[in-house]
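A.B. asks: Return atomic coordinates for the entry below.
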Amino acid sequence: MSDYAVFAHPDFDPNDYANAILAGEPYPPQPGKARPAKSTGLSPASEDVSVAITKLTVSLDDVEKQLKNVVTTHHEDLLVQAAGVSDLEGSLGSVRTGLNELDSSLEKLRHKIRVPYQSLQKHVSKLERLQQASDILRRTSRFVILARRLEMQLAEMNKADSTETERSGSAKPRVQTSGASPVSSGATARADTPLEGEDDKERAISKAALTIAELTALLDASTETSHLGRTGDVPEGEHTGGDSEESIPLSSIKAVAVHLPFIDAARAKVTTDMEGMVFTGLATLNQSMLASSLQTAHNLRVLPDLVQNLVSDLSEAVEGRIRSAFDLARISKDIMTKDSASIGQGLLYKSRVRTEPTSVTAPQWTAALWGSIESLIEEMADCCIKVYTLEKVLKVKRDPVTDVVFLDEAMKVLENRPSTTFWASLGRSLEKQARDAAKGSSFLQQTLSTGYPRLLRLFHSFFTKIAVHTDTVYTQSQQSPETVLVLRALSNFESLYLSRSSNKLTEAVGQVFSGGTRTPPGMSDGVNIARAVANELDSAKFDPLLVQSVARYAVSSLELLLTRADNLITRERAATTLIGPVATPQQVLNGSLATCIYHCWSRLDKLREEYPESVISILRPAIIKLDDTFERIVDPLLAAIRRELGAIIAKLHRMDFSDKVDPMAAMGGGPSPYMKDLIEKLTFIKTEILAQYNVPDVSRQWVLSLVRFVIKTFVLHASIAKPLGETGKLQLTSDMTELEFGLSAFMAEKTQAKRGADWEAVGDDYRALRVMRHLLFLDNAALASPKHTAGLPPLIVLHHILVRSPITLPHALHGWAEAEYVRWVEEHTEEEAWTLVEGDVVHWEKITEAEGGDPGAAAEYVQLARAVLANAQQRPAA
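C.D. replies: A predicted model of the protein is given here:
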């Protein structure tokens, strides 16, 4: 097969092959190789023509032989295939017949469907054109009708204007009867026009605006079919095809184009009148006029843009006025203008414009600055009231046709409500201008920071003025977010004011502790610090937020006071020792510090009656810390005094109160040594220790507390003094008398004219001391009588019964010292002490019976003790 490879190539071309043989070139040609001049090789493409023809003839014969061999070899299969071809011709004939029938059916359907469809399509196109022409005619007719209606409405408007002009130009009787006075100003005349004339004009403008809106919708039908849907003029043909003729504008029609200039002029006039009504309504806060003008704007389809422009204009006006109020160059020019007017043009030297005042002109600049800010507050209030009036009308007013709320319609363009936008713009502008002005002028910064309370009062007047027309609130208990936003814009001046206030308080504290331990702070220093805090709070009392900020800075100053005082407080042993004869330097130092802290605390504690809870809650932790610090200084000293007095009274048990002592010596010898020591110690405590604390109210309570402690401790020790004879009773009575005199002197104040004390303030403890004298000399039978022992605690009576009896006292039974037993009684309840005594009696009975003793020797005292216990246990129930 390699001999026939050239002929089997898919790109074989007989003509190219013959040409190649004749030219002596190889076939197929080799790309990129040069054509040989002549070659005599054996290649089929390069041999002679005759040889090539001979070879082709031989090849053809060979191919024929091969075909014959194939036919001979496969003649049976070929016969079978030939027979199948005959059958296939029959099948193809039937298929051809079916196809011919199908063609005839299709031709019939073509005549039934396609031809009518083409005819119908032509008619539909004609109908669409007719409908479009009809729609154009209908819209043109509607347009002409509306144009004529607009002419009539404009005539009514012109008539109303002429009537209004006549009324404003001449004072007719009917104007007087309407209740309005004739004026020459046009704006005032409009405000004084009778309501009927105003209503007629407003209705005419509103109707004209609605007509203009419909005309505009008809003109824009090709691009704004949604407006036509409101009037029912949407052409059906616009939705049925893609012809360019479907969106034919009415302005291309000559009958319509004639009216276009008139419509444009009418629209301009209505818009001008509508804007004038809006401005007049806002200026006079006439909600009726404002509602009518907004209805006109809604009819003109410009309500959202109008509201946005109004809010933007009011915000820009306030921003410009704020910028002007803080402009020192303008203030300087105004001052120079006033000076030139007062002195005279020829006598005044014209200097360059200053941006900072001199020491001479500072008062004028300050007055001019505050006057400018007061004018700013007036204009801010005016603009704010206008914005809220606009929003109120938008919120209430609805379109009578679609029932759409005007505020919802305006919110399609606005990001926030008009009032929210205005407050945000006001706060942003005020903050920026105040910050920039403070950076650029030290005079303005110092004036407004020093006079920040005055600036704040001006803003309070601003909030008061707008509160009637708005929903903003600024009181001690409630502050609207809008007011807080505006005041936050003044935070720069507030920070400077608070910094100065804090410096004043810090300087006051530093001055108090400037002397250190040599000259510690005292009562006047504590009062001065409290007065400084109260003055700063009083300066900011009118503002609920400022007073809270001042209170926070005051707390910091009080914490500084506590820190400085804590570093000076002495906690070593010398601060609580009572050796005498004079107070130690440490006690003097602590007394002075405690006095300072107490008087500062007592003055600040009274602020609860002057300030609300929000301020007191800030001050309360610092006030509590002052009281705690005072207690930490005093409590260790008072505890040491009680220990010392208790130890002296416990020396009572070193005395012999039995009958061995000479009775006459006991009666005439005076008080016992321990009692003398006690009286001397009380005198030392009063004159040297407590005198260091200049706190009259508290020291009075300390004295009463110490007197009660001394009496109670003495009565307890005296009730367990054993053995106790008649001589001992007389000595105890003498000691009680001396104790009473000593305590009376201890309680006496310097201001009292005569010696004495208020024993009623001591109460039950003093009555117990008085009854104790009678108890010593009562018969045994009377010891169980509540009548004879009234005023004494049952435990004291029980102790005395045991002292008279052979029964061991509770502390002796348990091996305690007398002082330990007295401390135990003070730390436990009466019921526990009664139980201890009852257990002592029961224990004595058991021991006596076990040892074979005579229980009857103390039977009387056991019965007395149990009777007293029974009465004591029944007393609470009674």
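
A.B. asks: give the contact list for Ser324.
C.D. replies: Arg330, Ser372 (CB atoms under 8 Å, 6 or more residues apart in numbering). (C-beta placed from N, C-alpha, C; glycine too.)

A.B. asks: Distance of Ser805 relative to Glu860?
C.D. replies: 8 Å (CB to CB, to the nearest Å).

A.B. asks: Comparing the two, which residue is more hemmed in?
C.D. replies: Ser805 (21 against 15; other CB atoms under 10 Å).

A.B. asks: can you pull the buried residues of the helix or strand harbouring Arg708?
C.D. replies: Applying DSSP states H and E as the criterion places Arg708 in helix 696-719. Residues of helix 696-719 classed as buried by neighbour count (16 or more other CB atoms under 10 Å): 698-699, 702-704, 706-719.

A.B. asks: Give me the neighbour count for Ser734.
C.D. replies: Applying the criterion other CB under 10 Å, we find 18 residues in the vicinity of Ser734.

A.B. asks: Let me know whether it touches Met655 as I believe.
C.D. replies: No. Between Ser734 and Met655 there is no contact under CB atoms under 8 Å: 11.5 Å.

A.B. asks: what touches both of these two?
C.D. replies: What both Ser734 and Met655 touch, as defined by CB under 8 Å, 6+ apart, is the set Ser672.

A.B. asks: For Leu560, give its distance to Ala508.
C.D. replies: From Leu560 to Ala508 the distance is 10 Å (CB to CB).

A.B. asks: Between those two, tell me which one has more neighbours.
C.D. replies: Using other CB under 10 Å, the more surrounded residue of Leu560 and Ala508 is Ala508, with 19 against 15.

A.B. asks: for whichever strand or helix holds that one, packing partners?
C.D. replies: Ala508 belongs to helix 491-512 when assigned by DSSP H and E. If you count contacts as 3 or more CB pairs under 8 Å, 6 or more residues apart in numbering; DSSP states H and E, helix 491-512 packs onto helix 418-440, helix 442-450, helix 452-467, helix 523-539, helix 544-568.

A.B. asks: would JSON lines of those with mean pLDDT and distance to Pro26 be doable?
C.D. replies: Shown next, in JSON lines, are the helices and strands packed on helix 491-512 (pLDDT from 0 to 100; distance: least, CB to CB, whole Å):
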{"stretch": "helix 418-440", "mean pLDDT": "88", "distance to Pro26": "92"}
{"stretch": "helix 442-450", "mean pLDDT": "87", "distance to Pro26": "105"}
{"stretch": "helix 452-467", "mean pLDDT": "90", "distance to Pro26": "108"}
{"stretch": "helix 523-539", "mean pLDDT": "92", "distance to Pro26": "118"}
{"stretch": "helix 544-568", "mean pLDDT": "92", "distance to Pro26": "108"}
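
A.B. asks: Rebuild the ones you listed as JSON lines, extending it with distance to Leu739.
C.D. replies: Formatted as JSON lines, the helices and strands packed on helix 491-512 follow (distance: least, CB to CB, whole Å):
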{"stretch": "helix 418-440", "distance to Leu739": "73"}
{"stretch": "helix 442-450", "distance to Leu739": "64"}
{"stretch": "helix 452-467", "distance to Leu739": "60"}
{"stretch": "helix 523-539", "distance to Leu739": "33"}
{"stretch": "helix 544-568", "distance to Leu739": "38"}
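
A.B. asks: now for those helices, which one comes closest to Ala208?
C.D. replies: helix 418-440 (26.6 Å; CB to CB).

A.B. asks: what angle sits between that closest one and helix 442-450?
C.D. replies: Helix 418-440 runs at 120 degrees relative to helix 442-450, counting by axes from the mean of the first three to the mean of the last three CA atoms, to 10 degrees.

A.B. asks: Output the contacting helices and strands for helix 418-440.
C.D. replies: helix 303-325, helix 362-396, helix 442-450, helix 481-488, helix 491-512.

A.B. asks: need those helices in TSV with distance to Phe459, can you?
C.D. replies: Output for these, formatted as TSV (distance: least, CB to CB, whole Å):
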stretch	distance to Phe459
helix 303-325	13
helix 362-396	7
helix 442-450	12
helix 481-488	7
helix 491-512	11
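
A.B. asks: Which of the ones you listed sits closest to Glu726?
C.D. replies: Nearest to Glu726, of the helices and strands packed on helix 418-440 and by CB to CB, is helix 491-512 at 61.9 Å.

A.B. asks: For that closest one, which outside residues touch it?
C.D. replies: With CB under 8 Å, 6+ apart as the criterion, helix 491-512 contacts 431, 434-435, 438, 445, 448-450, 452-453, 455, 487, 521, 525-526, 528-529, 532-533, 536, 539, 546, 549-550, 553-554, 556-557, 560-561, 564, 596.

A.B. asks: Whichever of those residues end up buried, select them in PyMOL.
C.D. replies: A single PyMOL command selects the buried members of these (16+ other CB under 10 Å):
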select buried, resi 431+434+435+438+445+448+449+452+455+487+521+525+526+528+529+532+533+536+539+546+549+550+553+554+557+561+564+596
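
A.B. asks: Not counting its own residues, what contacts stretch 683-694?
C.D. replies: By CB under 8 Å, 6+ apart, stretch 683-694 touches 522-523, 578, 580-583, 587-588, 590-592, 594-595, 598, 634, 637, 641, 699, 702-703, 706, 742, 745-746.

A.B. asks: Just the CA atoms from that stretch would do, formatted as CSV, please.
C.D. replies: Provided in CSV are the C-alpha atoms of stretch 683-694 (Å, rounded to 0.1, in the frame of the first residue of the first chain):
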residue,chain,number,x,y,z
THR,A,683,-9.4,65.0,135.3
PHE,A,684,-6.3,64.3,133.1
ILE,A,685,-8.4,62.8,130.4
LYS,A,686,-10.8,65.8,130.4
THR,A,687,-8.2,68.6,130.6
GLU,A,688,-5.4,67.1,128.5
ILE,A,689,-6.7,64.4,126.2
LEU,A,690,-10.3,65.3,125.2
ALA,A,691,-9.4,69.0,125.2
GLN,A,692,-7.3,68.4,122.1
TYR,A,693,-10.5,67.6,120.1
ASN,A,694,-12.4,70.7,119.5
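
A.B. asks: Quick one: distance of that stretch to the chain centre.
C.D. replies: 53 Å (CA atoms, centre = their mean, to the nearest Å).

A.B. asks: Return the set of buried residues in it.
C.D. replies: Here stretch 683-694 shows Phe684, Ile685, Lys686, Glu688, Ile689, Leu690, Gln692, Tyr693, Asn694 as buried, counting by 16+ other CB under 10 Å.

A.B. asks: How about the backbone phi and psi for the last one?
C.D. replies: Backbone torsions of Asn694, given as degrees, to the nearest 10, read phi -90, psi 70.

A.B. asks: Point out where the stretch 751-878 of the chain drops to low pLDDT.
C.D. replies: 751-757, 875-878 (pLDDT under 70).
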